[in-house]
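Engineer: Need coordinates for the below:
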Amino acid sequence: MTEGRPHADPVQPSLLSGFPLAELAPPGPRPAANRPVARVCVESPLPQLDRRFDYLVTEELDAAALPGVRVKVRVAGREHVGFLLERRDTSDAGVRLAPLGAVLSPLPVLSPEIAELAGTVAERWAGALGDVLRFAVPPRAARVEAEFAALASGAQAAGTQPEQTHDDGRAPSVGAEPSSAAAAATPHPAAGWDRLRNGAAYLRHLAAGGSPRALLQAVHGYGAEAWPHTIAAAVAAANSSGRGALVVVPDRRDLLRVHAALEAALPRERIVRLSAEDGPSTRSRGFLELLTGAAHVAVGTRGSVFAPVENLGLVVCWDDGDDLHLEPRAPYFHAREVLLLRAEQTGCAVLLAGHSVSVEAERLAESGWLQRIAAERSVLRTALPRVTSTADSIESARDPLARVARLPHAAWQLARDALTSGPVLVQVARAGYAPSLACDRCREPARCRHCQGPLAEQASGRERLVVCRWCGTPELTFSCRVCGGRALRRSAIGALRTAEELGRAFPGAVVVTSSGDTVKSEVPASPALVVATVGAEPIAAQGYAAALLLDGEALLRRESLRAPEEALRRWLNAAALVRPAHEGGRVVITAGESEALSALVRWDPAGFASRELALRRELSLPPAVRIAAVTGEFADVEAFLAAAEEVVERPGVRVAGPVAGDPAQALVFFPIASGPAVTRGLHSVRVSLAARRSTGPVTLRVDAPDLL
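Structural biologist: Alright, predicted model coming up:
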């Protein structure tokens, strides 16, 4: 761990000593005989407390104060909770040490590997170590910790390894040897790996104990060869070599699918599921099972990137382009990047998988750090549905209004025909009824008179109510703030309105919606119109007979550098749920001509990502370079940039802004090779300004995909 700053700093309490400890020890508590100095990281939102503090370990706490336990300490007269990082013989400041307050956790919950990873993540994203540890170690569940501590004590007294039992009564495998079921299942390709170029070789390498790194373009979203089973086969291969595995997915629906696939592939292994939605006790139990070696395979959402999997052999990230992998709280890490750092640290295998290819993953593939695993074109032709665009010249000639109609004739005809053989997926861009309203006269977006939030139309029985999407206040007498107009028009149509219109267009058809708070995981194989917002598409066990991808222009028009990439990812994920063309599977998309649309029709996400990466390199934009955003009050951002003059004037570093706004923001672009030096410098400036309290607070975000 990095040493703290010189301890004469005014924010440093009188904690450290550079002289023989007996000469400076307080007259009351007696220091421990061995390694009496405890180095502690405290949990605090204050940047100036992002350092390591030394405390005196007393004889009373000597046995309990182990590296990795939670402790309570006092800093500047206030109590803080923190983690004991290490025990030392001496300190280095020459002042009297304050005693360690208390040991809160009976178990060392922070392993050395995760502590090292947390330090690397904090430096990579210019954040505080305490913020990272908040994600790395789940909140205490005292009852669960007591159970594990009792089992560990009993096993230690008996001279054996502790064995954990689970809710179903099974005893998990705690050794490094693979289970017979896994060993029998993994030597040969499974779940479609033999149909992928380099797929069989990747599994063999994993099963032999190797650490290959690959970028996988998945083909199927449903059925026996769906991507959860593909990932489960890779995990089984790593497990057969006696190693653990960690799978990270964007959301709970994906989590449940992968968990079920892993349980089927490894019936004798305990599969730990890590999700904040499971509650603190369940999450803490799974965490401790991994920490104690009672389980070796974990699957979870972004917070699980720090799961303490013993003897880690494989890390998997599914759909790494999904913005749910980005942590919205400090230090704003990305799950994919944390897994890559962990792979570098431990030397384990890597698998980035998805129907699409992110620009960041493409950069790693082009550099040779990742090897490609993808289906040949001959396999794609037999496995994928036929994709048609209403912007195609042939379709435009048949239906001149196809470019402006929300449901062109080709889409209506496809839905009518496909309903005879199965469910039809209808993907829309927005939830709600009419989630966006505007003045009918001047087209100015309609705003709430109370909070200036956007007005929207909601369905309430047979009535349509206009309410504010922010404060929920009904708007009964709208008046445009620009032209004074009193009439409203719908500038966007949501999933509920679409379902209502489709119900009229197809009388007698069953209409199912999946959006907002009512997201469905599965739908039956019977004919139905399934209207879903992007990312909320349910799975049809036998695949959809067809899919209508509406509102393509709305996805492409988003004010973001990543809008085309995100649109293509959403389209591919939906199209992968449709049956192959030889079984009648068809996809119709309503969008104007674009590179993303062409990539969908050709099913070529890698080619699209390669072109995007070349353009980003030409423009010196991420991921060709790195980026940091400084936000806050305009004067505070200016003061921060002035204090960071030495950092921002380094060769290759350029600053855009600050731009006035609420809040103001400045962007700092810097070369990848200069990343460690620049992020350390920016973090140091933020800590220094916070300690002096000479400016207001600023937020520092590094490499967040939503910055552009």
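
Engineer: tell me the SS of the nearest residue to S111 once chain neighbours are set aside?
Structural biologist: Distances taken as Cβ to Cβ, 6 or more residues apart in numbering put P308 closest to S111, at 4.9 Å, once the chain neighbours are dropped. Every residue, glycine included, has its C-beta placed from N, CA and C. Three-state call for P308 (DSSP: H, G, I helix; E, B strand; the rest coil): coil.

Engineer: Give me the neighbour count for P308.
Structural biologist: When neighbours are counted by other Cβ atoms under 10 Å, P308 registers 23.

Engineer: Then P676?
Structural biologist: 11.

Engineer: can you check the one 10 residues further on too?
Structural biologist: Residues lying near R686 (other Cβ under 10 Å) number 25.

Engineer: Can you tell me the SS state at it?
Structural biologist: Applying three-state DSSP: R686 is helix.

Engineer: now swap in R680 and tell me
Structural biologist: Strictly by three-state DSSP, R680 counts as helix.

Engineer: Please, which helix or strand holds the spatially closest residue to it that is not a sequence neighbour?
Structural biologist: Counting by Cβ to Cβ, 6+ apart, the nearest residue to R680 once its immediate chain neighbours are dropped is E123, at 6.6 Å. Element membership of E123 [criterion: DSSP states H and E] is helix 112-124.

Engineer: Next up, the contacts around the closest residue to A149 other than its chain neighbours.
Structural biologist: Nearest residue to A149, sequence neighbours excluded (Cβ to Cβ, 6+ apart): P106, at 4.1 Å. Residues counted as contacts of P106 (Cβ atoms under 8 Å, 6 or more residues apart in numbering) are A64, V69, E145, A146, A149.

Engineer: Include pLDDT and neighbour count when you put those into a markdown table, please.
Structural biologist: Output for the contacts of P106, formatted as a markdown table (pLDDT from 0 to 100; neighbours: other Cβ atoms under 10 Å):
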| residue | pLDDT | neighbour count |
| --- | --- | --- |
| A64 | 91 | 16 |
| V69 | 93 | 19 |
| E145 | 82 | 19 |
| A146 | 80 | 12 |
| A149 | 73 | 15 |
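
Engineer: what's the following helix or strand after the lowest-mean-pLDDT helix or strand in the chain?
Structural biologist: Taking mean pLDDT, DSSP states H and E as the measure, the chain has helix 180-185 as its least confident helix or strand, at a mean of 36. For helix 180-185, the following helix or strand on the C-terminal side (DSSP H and E) is strand 196-197.

Engineer: Now the element after that following strand, going C-ward?
Structural biologist: Later in the chain than strand 196-197, the nearest helix or strand by DSSP H and E is helix 199-207.

Engineer: helices and strands around that following helix, which ones?
Structural biologist: helix 227-240, strand 349-354, strand 371-375 (3 or more Cβ pairs under 8 Å, 6 or more residues apart in numbering; DSSP states H and E).

Engineer: can you list contacts of it?
Structural biologist: 186-187, 189-190, 192-194, 212, 214, 216, 233-234, 237-238, 240-241, 313-314, 349, 351, 371, 373.

Engineer: Could you give me the PyMOL syntax to select whichever of these are buried?
Structural biologist: Only the buried members of these enter the following PyMOL selection, criterion being 16 or more other Cβ atoms under 10 Å:
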select buried, resi 186+189+190+192+193+212+214+216+233+234+237+238+240+241+313+314+349+351+371+373
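
Engineer: List the buried residues for the helix or strand containing G657?
Structural biologist: Assessed by DSSP H and E, G657 sits inside strand 654-659. For strand 654-659, burial by neighbour count (16+ other Cβ under 10 Å) applies to V655, G657, P658.

Engineer: again, but for stretch 701-708
Structural biologist: For stretch 701-708, by 16+ other Cβ under 10 Å, it's R701, V702, D703, A704, P705, L707.

Engineer: Pretty sure the fifth one sits against D323.
Structural biologist: Yes. Taking Cβ atoms under 8 Å as the contact criterion, P705 and D323 are neighbours in contact, 6.7 Å apart.

Engineer: thinking again about what came up before, show me what the helix holding E123 is packed against.
Structural biologist: helix 129-136, helix 335-346, helix 675-692.

Engineer: Identify each buried residue in it, please.
Structural biologist: E113, I114, A115, L117, A118, G119, T120, V121, A122, E123, R124.

Engineer: Phi, psi for the residue nearest to A149 please.
Structural biologist: Per-residue torsions, P106: phi -80, psi -10 (degrees, to the nearest 10).

Engineer: So which residues of the stretch 351-500 of the chain form helices?
Structural biologist: 359-367, 377-383, 393-398, 409-418, 495-505 (DSSP state H, counting those that start in this stretch).

Engineer: For the closest residue in space to G130 that isn't next to it in sequence, what are phi and psi?
Structural biologist: Distances taken as Cβ to Cβ, 6+ apart place E43 nearest to G130, at 4.5 Å, with adjacent residues excluded. Backbone torsions for E43, taken as degrees, to the nearest 10, come to phi -90, psi 110.
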